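J.: any chance you can model this:
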Amino acid sequence: MEEQVIAFIAHECGVPLDHVKLSSDLAKDLGISGDDGVELMSKFAHEFGINLTGFNPADFFGSEAAFILFAVFFPSWWKRKRHRKSLTVGDLVKIARSRSWSEVLIGRRSPLKSP
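T.: Model (predicted):
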């Protein structure tokens, strides 16, 4: 399952296979954000037969670049908005194995906090 998820993520993110590790964070390491995160997770769910009930993409991928003006005029707001939960390739492997979204499964119990 690990190899399949890694290959899927590498293909969808357009990065070489050896750049994707189980510890790779989708947002921080692979640059997935906003609508790209929503699209990636939708494809992931379809490819691996995952039920994403309860998954909130904004918790992990934030907003699109349209909010850049807020970064300029309201830097404290932007700083708060950038703190998102971490979602790694290893987390996706666990989710693929269980075929269901679960924050408990990936060890996230508190909203908007990284492990």
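J.: contacts only, for the residue nearest to residue 21 when sequence neighbours are not counted.
T.: Spatial nearest neighbour of residue 21, excluding adjacent residues (Cβ to Cβ, 6 or more residues apart in numbering): residue 89 at 6.6 Å. Quick note: C-beta positions are derived from backbone N, CA and C, even for glycine. Residues in contact with residue 89 (Cβ atoms under 8 Å, 6 or more residues apart in numbering) are 5, 6, 9, 20, 21, 22, 23, 24, 26.
J.: how about 6 Å then?
T.: Listed by Cβ atoms under 6 Å, 6 or more residues apart in numbering, the contact set of residue 89 reads 9, 20, 22, 24.
J.: what's the answer for residue 48, then?
T.: Contact analysis of residue 48 by Cβ under 6 Å, 6+ apart lists residue 96.
J.: hmm, 8 Å instead?
T.: 4, 5, 8, 95, 96, 99.
J.: can you say which of those residues are buried?
T.: Among the contacts of residue 48, the ones that count as buried by 16 or more other Cβ atoms under 10 Å are 5, 8, 95, 96.
J.: of those residues, which pair is most distant in space?
T.: 8 and 95 (12.1 Å; Cβ to Cβ).
J.: before we move on, back to that, just the ones of the buried ones among the contacts of residue 48 in helices?
T.: Secondary structure defined by DSSP state H assigns 5, 8, 95, 96 of those to helices.
J.: sketch out the low-pLDDT regions of the chain for me.
T.: 63-83, 103-115 (pLDDT under 70).
J.: hang on, residue 34 packs against residue 41?
T.: No: Residue 34 is not in contact with residue 41 according to Cβ atoms under 8 Å; the separation is 11.9 Å.
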